[in-house]
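> Structure, please.
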Amino acid sequence: MPDQRGSSVAREKKNSTLAKLAGLGLAGVGVAHFAKPQLFESITKPAFPRDTRKHIYTNGGIETALGLALSASKTRRIGAVGAVGYLTYLAGNAVRNR
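The predicted model follows:
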């Protein structure tokens, strides 16, 4: 009979690696808001029609911080809570400014 603990540990490691990669990807997108803000104009303007560039930078900072939080196992839980809050904030602005 195969050892259940071995497969569980392997699964946890795989999940941790995927979470780390997803977090680093989000952080990379966050940094891109500063490097190439014009790429985010068309998707940001509908939710943030006033002072769009400021919101691009703000969103970039938030996404960078959340991505880094999600990439580390010690901060992943608070990063996930923050991500839910951030998505709620974005959705609220999108609905309000339709």
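> helices or strands up against the helix or strand of the chain with the lowest mean pLDDT?
Lowest by mean pLDDT, DSSP states H and E among the helices and strands of the chain is helix 4-35, with a mean of 89. When contacts are defined as 3 or more Cβ pairs under 8 Å, 6 or more residues apart in numbering; DSSP states H and E, helix 4-35 packs onto helix 52-71, helix 76-96. Just so you know, the C-beta spots here come from the backbone N, C-alpha and C atoms, and that holds for glycine as well.
> go with 7 Å
helix 52-71 (3 or more Cβ pairs under 7 Å, 6 or more residues apart in numbering; DSSP states H and E).
> For the helix it packs on, buried residues please.
By neighbour count with 16 or more other Cβ atoms under 10 Å, helix 52-71 contains the buried residues 52, 55-56, 59-60, 62-71.
> Could you do stretch 37-56 as well?
For stretch 37-56, the neighbour count (16+ other Cβ under 10 Å) marks 37, 40, 44, 47, 48, 52, 55, 56 as buried.
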